[in-house]
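**Student:** show me how the following folds:
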Amino acid sequence: MTTAPEARPVPDLSDPAFYINRELSWLDFNERVLALAREPGTPLLERCKFLAIFSSNLDEFFMVRVAAVQDAMEAGRLPSTPDQLPREAVLDRVAARVREMTDEQCRIWREDLRPELAEQGIEVASYRDLTPAQRREVDAEFDRAVYPVLTPLAVGPGLPFPYISGLSLNLGLRVRDPVTGESRFARIKVPPRLPRLLPVGPRMVPLEDIIEAHLDRLFPGMRVVGTSRFRVTRDADFSISDESDDLIGAVEAQLRRRRFGHVVRLEVEEGASDSLVDELMEAMEVGARDTFRIPGMLDLTALWALASLDRPALRDTSWEPRTRPRLRPEEGERIDMFAAMRSGDILVHHPYDDFTSSVERFVEQAVEDPNVLAIKQTVYRTSGDSPIVPALMRAAEQGKQTVCLVEVQARFDEERNIQWARALERSGVHVVYGLTGLKTHAKLALVVRREGDRVRRYVHIGTGNYNPSTARLYTDLGLFTCREDLVEDVADLFNHLTGFARPPSYRRALVAPAHLRDGVIREIQRAIDGHSAEHPSRVVMKMNSIIDGPVIAAIYRASQAGVPVDLIVRGITGLRPGVPGLSENVRVLSIVGRFLEHARVFAFTVGGATTYWIGSADMMARNLDNRVELVAPVDDPDACAEIQTVLDLQMADTALAWELASDGTWARVVPAPGEEPLNSQDALMDLAARQARAG
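**Tutor:** Now for the predicted structure:
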């Protein structure tokens, strides 16, 4: 007699062991960025770029995430994420990981990139390595351009410890009077508006090296008995009260306070004396955990100067986005976006598809067209060279009803967005700042056009910002449509944001914070309910981050029901795949390459049919509860096929992909023996080029 297999106990989905801490998962992502700098197959100047990105990423991580954890710990707030890791433990683990990663970053620069750059005639040298003739050149440049802007600040009676601005590079010194024997601490700020790497013949010299070599000019008659380069990172996170009557005024006040946020990280040279470091720690009110001794050059964002050098052989092959065949005008004409949209939905995929000939053209044609009655658009982040905002100003000046929803709380873009908002208002645009307590993160543009005896509306729904600069660096999807059900939803959302009414019931779109989470969970549940051997279900989700507990729990339930779940997550990943009885049907990949993966795509296969959705939201509580987001269905068969091609290529990637294991570690995905690596971003560039030629 055979014995029936013992039933496997059902895991408790609330068990913190089944979840990964968000801060530690973010560090995993930045380590994948660091791996690109380590990769010998990556062009040399691109490796410098990835070292710079690693540093700027880490700066923002400390300014926002570490600061938030510190604030929450001091306030006594309990952990709110599913992993439930105590905040003290989070900060301890973050500090240990960051020390390991910055040590490796410095090693890559010191042992790999700097020598290889020198072999290519790009030498980053110290002042003491220069020839006498080169030193004379540097000395003259110091006198001309550097010395006049330096301000030595000493500490002593009547001279308090100076304010140290966030992310500034500084020289800390111990200066002694040889006559009296008195010694004082002094600080010199490395001027941020001067080039960090000064070209001297074929060499480049760090500005701090040049300043340190001329300290006798700054402290004449004194002896410098100890120096250390140091840098502080300050808390830059802030929130605005829901009761604030003047949102812009409140944001501006917080921007002023941001300069004086508490210090969350102190970086000092590894060789600095203990006494000097102790003095800095006391002045900055920083403990040992938050003090990092750096074994090399501080602030490697300086390497952006190398990454931008005009050395094509040392860079990725340049890529020029292609214009979609349906958006390509006849010789000497301009494309009619509205006619193209009336003939069917259009999907664009940046940076493979050109932003200028699609999104910018859509807005500019709306401005130029005398039959357009109204234009409504969201602005979360944009760039100074964007033609879109000036186009909206022209539309208002022409008498078109123009509405721009500007998110003035977009972190680190607050000041720029306030400037845009005021300029828009001066030109007659009706500027709205969204709903109290919510950031408007949805990427939407709505055009209302008179056509004969009717009015037709046209919509662009995107996954990325209306920013032509990032459109060349980030991968994002956009849908152009005039389908009534979707344009009604977008129009209702704009009216809700600009008016005063309860949230509407949307027809097709999933909108946060109203019901986006519930809608995604409902789609996952639909896949569970429809799963069978004859018609297997499948869930594929591509995002920047997934940390939301209820969504992860739904994914776990899908796996337990036998539904394969493929997740393509660039950054934070809070779930554990491959856990027996819990998530053995879940696979998690991360694509990290020359373009920043930024699109959000959701595909649910049930009963042999797949529904596709794109939008602005990641699966995080901040997106689902505290932001206005919109995720829209894609119905056009050609657009759906294109999305599936993107997902298939990324799930088959063996060049840029990393896979997450159940223990929380990431490993590179490699091709099978004898197979060539598949780079999904290269494949998508090739595909776009072929489509352009065929069109």
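**Student:** what about stretch 33-46, average pLDDT?
**Tutor:** Computed over stretch 33-46, the mean pLDDT rounds to 95.
**Student:** buried residues in it?
**Tutor:** Val33, Leu34, Ala35, Leu36, Ala37, Arg38, Thr42, Pro43, Leu44, Leu45, Glu46 (16 or more other CB atoms under 10 Å). Bear in mind the C-beta positions are built from the backbone N, C-alpha and C, glycine included.
**Student:** which ones are touching the closest residue to the fourth one other than its chain neighbours?
**Tutor:** Closest residue to Leu36 in three dimensions, ignoring its sequence neighbours and counting by CB to CB, 6 or more residues apart in numbering: Phe50, at 4.3 Å. Phe50 makes contacts with Val33, Leu34, Leu36, Ala37, Thr42, as judged by CB atoms under 8 Å, 6 or more residues apart in numbering.
**Student:** between these, which is closest to Ala283?
**Tutor:** Nearest to Ala283 among these is Leu34, at 30.9 Å by CB to CB.
**Student:** give me the three-state assignment for that closest one.
**Tutor:** Put simply, Leu34 is helix when judged by DSSP: H, G, I helix; E, B strand; the rest coil.
**Student:** quick check, it in contact with Arg107.
**Tutor:** No. The criterion here is CB atoms under 8 Å, and Leu34 misses it with Arg107 at 10.6 Å.
**Student:** what's in contact with stretch 327-344?
**Tutor:** Taking CB under 8 Å, 6+ apart as the rule, stretch 327-344 contacts 326, 346, 357-358, 361-362, 365, 369, 447, 449, 456, 458, 480-482, 636, 638, 695.
**Student:** what distance separates that stretch from the centre of its chain?
**Tutor:** Averaging C-alpha coordinates over stretch 327-344 and over its chain gives two centres that are 33 Å apart (CA atoms, centre = their mean, to the nearest Å).
**Student:** between the two ends of it, how far is it?
**Tutor:** Across its full length, stretch 327-344 reaches 12 Å end to end, with CA to CA, to the nearest Å as the criterion.
**Student:** tell me the mean pLDDT for it?
**Tutor:** For stretch 327-344, the per-residue pLDDT values average out at 89.
**Student:** just stretch 350-357 next, same as before
**Tutor:** Mean pLDDT, computed over stretch 350-357, is 96.
**Student:** report the residue spans of the stretch 551-695 of the chain with pLDDT below the cut-off.
**Tutor:** Segments of the stretch 551-695 of the chain classed as low confidence (criterion: pLDDT under 70) are 695.
**Student:** list the helices and strands the longest helix seen in the chain packs on?
**Tutor:** Longest helix in the chain by number of residues, with DSSP state H as the criterion: helix 87-107. Under the contact criterion of 3 or more CB pairs under 8 Å, 6 or more residues apart in numbering; DSSP states H and E, the helices and strands touching helix 87-107 comprise helix 22-38, helix 44-60, helix 67-75, strand 291-294.
**Student:** would you mark the buried spots in that helix?
**Tutor:** In terms of neighbour count (16+ other CB under 10 Å), helix 87-107 has its buried residues at 87, 90-91, 94-95, 97-98, 101-106.
**Student:** any idea of the angle that helix forms with helix 67-75?
**Tutor:** Interaxial angle, helix 87-107 versus helix 67-75 (axes from the mean of the first three to the mean of the last three CA atoms, to 10 degrees): 150 degrees.
**Student:** next SSE downstream of helix 87-107?
**Tutor:** helix 114-119 (DSSP states H and E).
**Student:** the helices in the stretch 401-550 of the chain, which residues?
**Tutor:** In order along the chain, the stretch 401-550 of the chain carries the following helices (DSSP state H, counting those that start in this stretch): 414-426, 484-498, 516-529, 549-560.
**Student:** reformat the ones you listed as CSV; add mean neighbour count.
**Tutor:** Listed next are the helices of the stretch 401-550 of the chain as CSV, based on neighbours: other CB atoms under 10 Å:
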stretch, mean neighbour count
helix 414-426, 17
helix 484-498, 19
helix 516-529, 19
helix 549-560, 21
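**Student:** count the neighbours of the nearest residue to Thr605 once chain neighbours are set aside for me.
**Tutor:** If you skip the residues right next to it in sequence, Thr605 has Arg538 as its closest partner in space, 4.1 Å away by CB to CB, 6+ apart. A total of 17 residues lie near Arg538 under the criterion other CB atoms under 10 Å.
**Student:** cool, and the one 3 residues further on?
**Tutor:** Number of residues near Met541 (other CB under 10 Å) recorded here: 24.
**Student:** distance-wise, check it relative to Glu74.
**Tutor:** For Met541, the distance to Glu74 equals 35 Å [CB to CB, to the nearest Å].
**Student:** do you know how far Leu117 is from Ala655?
**Tutor:** Counting by CB to CB, the gap between Leu117 and Ala655 amounts to 24 Å.
**Student:** meant to ask about Glu597
**Tutor:** Following CB to CB, the distance that separates Glu597 from Ala655 is 14 Å.
**Student:** please apply the same query to Asp316.
**Tutor:** Spatial separation of Asp316 from Ala655 under the definition CB to CB is 13 Å.
**Student:** who's more crowded, those two?
**Tutor:** Each of Asp316 and Ala655 had its neighbours counted (other CB under 10 Å), and the higher figure belongs to Ala655 (19 against 16).
**Student:** quick check: that one vs Asp290, distance?
**Tutor:** Note on Ala655: its distance to Asp290, by CB to CB, is 37 Å.
**Student:** where does Val487 land on pLDDT?
**Tutor:** As summarised for this prediction, Val487 has a pLDDT of 96.
**Student:** who are the contact partners of it?
**Tutor:** So, once contact is read as CB under 8 Å, 6+ apart, Val487 ends up touching Leu446, Arg457, Tyr458, Val459, Thr481.
**Student:** skipping its backbone neighbours, what lies nearest the first one in space?
**Tutor:** Counting by CB to CB, 6+ apart, Leu446 lies nearest to Lys376, which is 4.4 Å off, once chain neighbours are set aside.
**Student:** for the one you found, what are phi and psi?
**Tutor:** Taking degrees, to the nearest 10, you get phi -130, psi 140 for the backbone angles of Lys376.
**Student:** please apply the same query to the one 3 residues further on.
**Tutor:** Note on Val379: its backbone torsions stand at phi -130, psi 110 [degrees, to the nearest 10].
**Student:** tell me the first helix or strand C-terminal of the helix or strand bottoming out on mean pLDDT in the chain.
**Tutor:** Ranked by mean pLDDT, DSSP states H and E, the weakest helix or strand in the chain is helix 247-258, scoring a mean of 59. Later in the chain than helix 247-258, the nearest helix or strand by DSSP H and E is strand 263-269.
**Student:** quick one: average confidence on that following strand?
**Tutor:** Average pLDDT, strand 263-269: 96.
**Student:** now do the same contact list for Leu85.
**Tutor:** Going by CB under 8 Å, 6+ apart, Leu85 touches Pro16, Asn21, Leu24, Pro79.
**Student:** from Gly664, how far out is it?
**Tutor:** The span separating Leu85 from Gly664 equals 12 Å under the rule CB to CB.
**Student:** then Pro677?
**Tutor:** Taking CB to CB as the measure, Pro677 falls 25 Å from Gly664.
**Student:** how about the strands in the stretch 401-550 of the chain?
**Tutor:** Listed in chain order, the strands of the stretch 401-550 of the chain (DSSP state E, counting those that start in this stretch) span 401-406, 430-432, 439-440, 443-451, 454-462, 474-481, 510-512, 538-543.
**Student:** and the ones you listed as a markdown table, adding mean pLDDT and distance to Asp59?
**Tutor:** Supplementary listing: these in a markdown table, determined by pLDDT from 0 to 100; distance: least, CB to CB, whole Å:
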| stretch | mean pLDDT | distance to Asp59 |
| --- | --- | --- |
| strand 401-406 | 89 | 26 |
| strand 430-432 | 85 | 31 |
| strand 439-440 | 88 | 22 |
| strand 443-451 | 96 | 26 |
| strand 454-462 | 97 | 27 |
| strand 474-481 | 98 | 19 |
| strand 510-512 | 96 | 29 |
| strand 538-543 | 98 | 24 |
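**Student:** perfect, that will be all.
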